[in-house]
Structures are given as C-alpha cells and as structure tokens.
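Participant: coords below, sequence missing:
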C-alpha cells in the first residue's frame, strides 16, 4: 500500500475517498446497517479502486510531474452516479463512479460472448432482456482540466453553486466550470514581475460553503485573504485580510516558517474559518480580521526542537485540519501517529494515537500524553522518543456523525464514538 | 541546573535559532524567505543536456563514461548524465520537504 496523501468523505458520509502517492484513488462505502444487529454501525469496505493520475514528464520544461494525488473533493450527488475531482500537481480530473448491476442478454447480432452471429442463421427477432449480474463499480474520467497551472496545485474547492470550482497553485488561483475543460479564468495572481521579489506563496484556498462569490486563500506568511468575486473579475485585491499581530520581540529565524498556513477550512455554518500552522490551530471569526478568536496549541513542546526539525525537514510538514459536523470540535494530526481533538465549548483537548498496537478492533482508544519536562509519568511519552516519521497529515470527519478517518502513512484508520 | 535556569530567560525559539546559526553560520540573511520559496517552485526540475552528453560520448569512445554515484537522483557538476540515470516512469518521487 502506498502513502495516503488525501482523505475525504462525500456529502452524505456514505463514501470515503483516499488518494495516494502512487496516483491511485480508493473509495470505501459504508455498509447498510444490519437489522439483526441494530446497534452495530455500518462498516466501510472497499467500493472502487482506480488509477487517477500517472507520472509524467514535461519535456519542454524538463519537469517531472508526480502522480501523487494532492486533493480529492466530492461533488454533491445529483443522480445515481457519484462524481469527484482529483488532482495532482498539474492536472485536475473529474471522475464518474457508477454502478452496473444489470446486463443485457439476448442480442440479435451477437452471441453471449460477443462473437458476431452469422446473419444467415438469424431466423427470428428477439428483444434483449436485462438480467441481474454481480455488482460492478466503474470509474471513468469525464473531464480532464489540464495545462492551466505553471506551479504546483495545492488546493481544489467546489463552489456552492455546484457548477464551478477553483484550483490554486503556489502563485495563482483559477476558476473553472465543471463542464468546460478548455478554458479557465484566473482570479488571483500574486506572481511578482520580478521573481527576485517573491516573498510569499499561496498555500491553500477554499470557497465559502454558502456564499458562492466568496473564497479565501492562505499564505506562507501566515495571512489569509478573503475575496469577493462580485467586486472584481481579478481578485488580486482582497476584501478582508486576516493576520494576527506578531510580537516583534519573539521573532526568530523560524518565525515565518512556522507561521506558514498549511490548511484553511471554513466551518460548516460559514461563520468561521480554521487555519493550521506548524504548532497551532486557529479559529477566525470572518467578521474579525485582526486576530483569531480561538487558538489551540497542537504540540507546543516542539518549539524547543525547531533546530532539529529544520534539519530533518519536518518543520515543512503540511498538516491538515477539520471540523466535525456541528462545528463544535476540531481535529488535526501530529507526530508519533498522534492526533489531537479540541472541544470548542468545553475547551478540553484530547490526544489519541492511530496505531495497530493501541487500537484493536472495537477497543476504546486510550488518551495519550506527551511529557514536556521534569519527571515522566508512567504511560507518558517523552518528546525525544516521538517518532517524527510517523506523521498524521490527513484526517477527515464524517459530515453528520462522530466518525473520523485518520491516515497514518500508508494505513487508514476509522474511529467512531462508542455506542452507549 | 545552571544551564536550565539560563535558558529560562531566553525564549526556546531563540535558543533553537542560536543552535542552528552555530551549526550553519552562512544560513540565509533573509529568514524563511526567497530561498525556500524558490526551491518550492522548482520542485520536479530535472536537467539533461543532450549536447554535453553526446560530446562526452564522442570524446570518451573507448573508455567508460563516468557513471552516476550511489545517488542516481543527484546529477550535478562534472558528471554527464546518461539516459539510464534519468528516471524513466517511476512509481514515486522522493523530494525534500523544502520543495513543498
């Protein structure tokens, strides 16, 4: 199994898609609940697997293009088929996933195995009938949105109009129509005339969940810009600018690097947005630009390890974050296969671990604790024993239930609330 | 005990910065700035000069061309890459996190 690079539930939560470094997409489907066991929750089983992207080489630019799936975003379901967008560094694809459970039999011109029948032998006409067959799930690429990004795509986001979507790379954001592949509109361009003057890049972008004219994008300098597509066609000038003032006395070589925002997500109700930087998660009220309303420390103990984290490149790890359906809890990953949850109402936080050893099926997860100094209590882990190769970058929360998907390198874990 | 007390007055981030500067004194004047960004934008860049390759092949007809060292991904300096050194269709690409 390859390293998982993205995890996403669909709108109903019945389907869970994962993308990996090898360009493959695996979709899991929740089984219907069993009537004989009313308290058993539906399990997720593999529904479809397909190769979304292949590695490519751009000969003109001598550029190797990875097949790694950076993001998957589902479209809302409008008929029996399911649609999702998957993207690598350069190309976005719209995939249709459909079921086939019937097959036509009794053709006139060909046999059951497809061989053409001799017309002379055909004495009478028959009407083909539909017969049931074993369920087959087919994935087919319906649209290929290519050649619109010079730099590497980091985000895609489907608009609430269900007709358009945006794709963002390091310096530009493009607006597409789902039906049109040969044209896209550039709505943000932060490329400086002189590349020597480059000081920041776009790190993530997302459409507002209800207002189809509003989107946000985050930067490597820890700022977020909210743009309104009604005010101008080119949204280089933001409508709102979110930045927390920095304490100049605490500035260091690492300040800018750890302030780089790796993920931005609107809350489901559209009133807040959450940003993830290296050490913390911040919740912003869209009506207040000068500071976040809530800040949660994910792993503050790493602040005294920044030197070695810079040397082993971990300081550049891009963690994602997510809201639960009610916007009351937020979740993000950390190292040592730990992931963190913050309850916004009670202000309580939990650290859990996704690993084979600590989670036998149906067992309740034990909260973990990192020892930050002084005497290490039993069951605590010291900062120096943390495994920095075991990073949880991608997590997803079911849209309505307390069920989460956690990607730990090449393993996918699903955890749910214990049944009372 | 003494060093712990000293460090209490210095914020941990600054202490880490001092450690880094001690190890790499020539580290960039502009913190976190253009160097990282440019590396990030250049991710995936591969270099192969067919002219150099063919000239080297012509000169060194009877001798073996210098082959890539143990790290085939790194093609720099005097070494002339051969088509074999350039990755064909690979299943995955390992890049430094710096390159985004």
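Facilitator: Noted; the coordinates are in hand. Not measured: the values here are computed from a predicted model.
Participant: worst-scoring helix or strand of chain B, pLDDT-wise?
Facilitator: The least trusted helix or strand in chain B, going by mean pLDDT, DSSP states H and E, turns out to be helix B:2-9, with a mean of 47.
Participant: what's the following helix or strand after that helix?
Facilitator: Once the chain leaves helix B:2-9, the next helix or strand it forms, by DSSP states H and E, is helix B:12-23.
Participant: Does that following helix reach chain A?
Facilitator: Yes: contact of helix B:12-23 with chain A (Cβ under 8 Å from any Cβ of the partner chain) involves B:12-17, B:19-21, B:23. (C-beta placed from N, C-alpha, C; glycine too.)
Participant: Buried among those? Need that as a selection in ChimeraX.
Facilitator: Per 16 or more other Cβ atoms under 10 Å in any protein chain shown, the buried members of those correspond to this ChimeraX selection:
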select /B:12,13,14,15,16,17,19,20
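Participant: and the residues of helix B:12-23 next to chain A as TSV, adding pLDDT?
Facilitator: Below are the residues of helix B:12-23 next to chain A laid out as TSV (pLDDT from 0 to 100):
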residue	pLDDT
B:12	87
B:13	89
B:14	89
B:15	91
B:16	91
B:17	91
B:19	91
B:20	90
B:21	89
B:23	89
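Participant: Among the residues of helix B:12-23 next to chain A, which one lies nearest to residue A:349?
Facilitator: Nearest to residue A:349 among the residues of helix B:12-23 next to chain A: residue B:12, at 20.8 Å, using Cβ to Cβ.
Participant: What segments of the stretch 301-420 of chain A are strands?
Facilitator: Here the stretch 301-420 of chain A has its strands, by DSSP state E, counting those that start in this stretch, at A:321-323, A:329-333, A:338-343, A:349-353, A:369-371, A:380-382, A:394-397, A:403-408, A:411-416.
Participant: mind putting these in JSON lines, distance to chain B included?
Facilitator: Below are the strands of the stretch 301-420 of chain A laid out as JSON lines (distance: least, Cβ to the nearest Cβ, whole Å):
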{"stretch": "strand A:321-323", "distance to chain B": "19"}
{"stretch": "strand A:329-333", "distance to chain B": "15"}
{"stretch": "strand A:338-343", "distance to chain B": "19"}
{"stretch": "strand A:349-353", "distance to chain B": "21"}
{"stretch": "strand A:369-371", "distance to chain B": "15"}
{"stretch": "strand A:380-382", "distance to chain B": "16"}
{"stretch": "strand A:394-397", "distance to chain B": "16"}
{"stretch": "strand A:403-408", "distance to chain B": "16"}
{"stretch": "strand A:411-416", "distance to chain B": "17"}
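Participant: could those strands be laid out in CSV, adding mean neighbour count and mean pLDDT?
Facilitator: Listed next are the strands of the stretch 301-420 of chain A as CSV, based on neighbours: other Cβ atoms under 10 Å in any protein chain shown; pLDDT from 0 to 100:
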stretch, mean neighbour count, mean pLDDT
strand A:321-323, 22, 98
strand A:329-333, 23, 98
strand A:338-343, 21, 97
strand A:349-353, 18, 95
strand A:369-371, 17, 90
strand A:380-382, 14, 91
strand A:394-397, 22, 98
strand A:403-408, 24, 97
strand A:411-416, 17, 94
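Participant: Format the residues of helix B:12-23 next to chain A as CSV; extra columns: distance to residue A:261.
Facilitator: Listed next are these as CSV, based on distance: Cβ to Cβ, whole Å:
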residue, distance to residue A:261
B:12, 22
B:13, 18
B:14, 23
B:15, 25
B:16, 21
B:17, 21
B:19, 26
B:20, 23
B:21, 26
B:23, 28
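Participant: State the pair within the residues of helix B:12-23 next to chain A that is farthest apart.
Facilitator: Taking every pair in the residues of helix B:12-23 next to chain A and measuring Cβ to Cβ, the maximum separation is 16.9 Å, between B:12 and B:23.
Participant: Can you tell me the strand partners of the helix or strand containing residue A:275 and which way each runs?
Facilitator: Per DSSP H and E: residue A:275 is located in strand A:272-276. With DSSP bridges as the test, strand A:272-276 is paired with strand A:263-266 (antiparallel), strand A:280-285 (antiparallel).
Participant: Residue of the stretch 151-300 of chain A nearest chain B, please.
Facilitator: residue A:256 (3.4 Å; Cβ to the nearest Cβ).
Participant: first to last residue in stretch A:217-237, what's the distance?
Facilitator: Start-to-end span of stretch A:217-237 (Cα to Cα, to the nearest Å) is 12 Å.
Participant: Show the average pLDDT along that stretch.
Facilitator: Average pLDDT, stretch A:217-237: 94.
Participant: so does it get close to chain B?
Facilitator: Yes: judged by Cβ under 8 Å from any Cβ, stretch A:217-237 comes into contact with chain B through residue A:220.
Participant: in that stretch, what counts as buried?
Facilitator: Burial within stretch A:217-237, assessed by neighbour count using 16+ other Cβ under 10 Å, is assigned to A:217-229, A:235.
Participant: quick one on the thing from earlier: for the strand holding residue A:275, the distance to its chain's centre please.
Facilitator: Remark: strand A:272-276 is offset 14 Å from the chain centroid, using Cα atoms, centre = their mean, to the nearest Å.
Participant: What angle do strand A:338-343 and that strand make with each other?
Facilitator: If you take axes from the mean of the first three to the mean of the last three Cα atoms, to 10 degrees, strand A:272-276 sits at 160 degrees to strand A:338-343.
Participant: rewinding a little: tabulate the strands of the stretch 301-420 of chain A (a markdown table), appending distance to residue A:168.
Facilitator: Formatted as a markdown table, the strands of the stretch 301-420 of chain A follow (distance: least, Cβ to Cβ, whole Å):
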| stretch | distance to residue A:168 |
| --- | --- |
| strand A:321-323 | 17 |
| strand A:329-333 | 20 |
| strand A:338-343 | 25 |
| strand A:349-353 | 30 |
| strand A:369-371 | 34 |
| strand A:380-382 | 37 |
| strand A:394-397 | 18 |
| strand A:403-408 | 22 |
| strand A:411-416 | 26 |
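Participant: Fine by me, thanks again.
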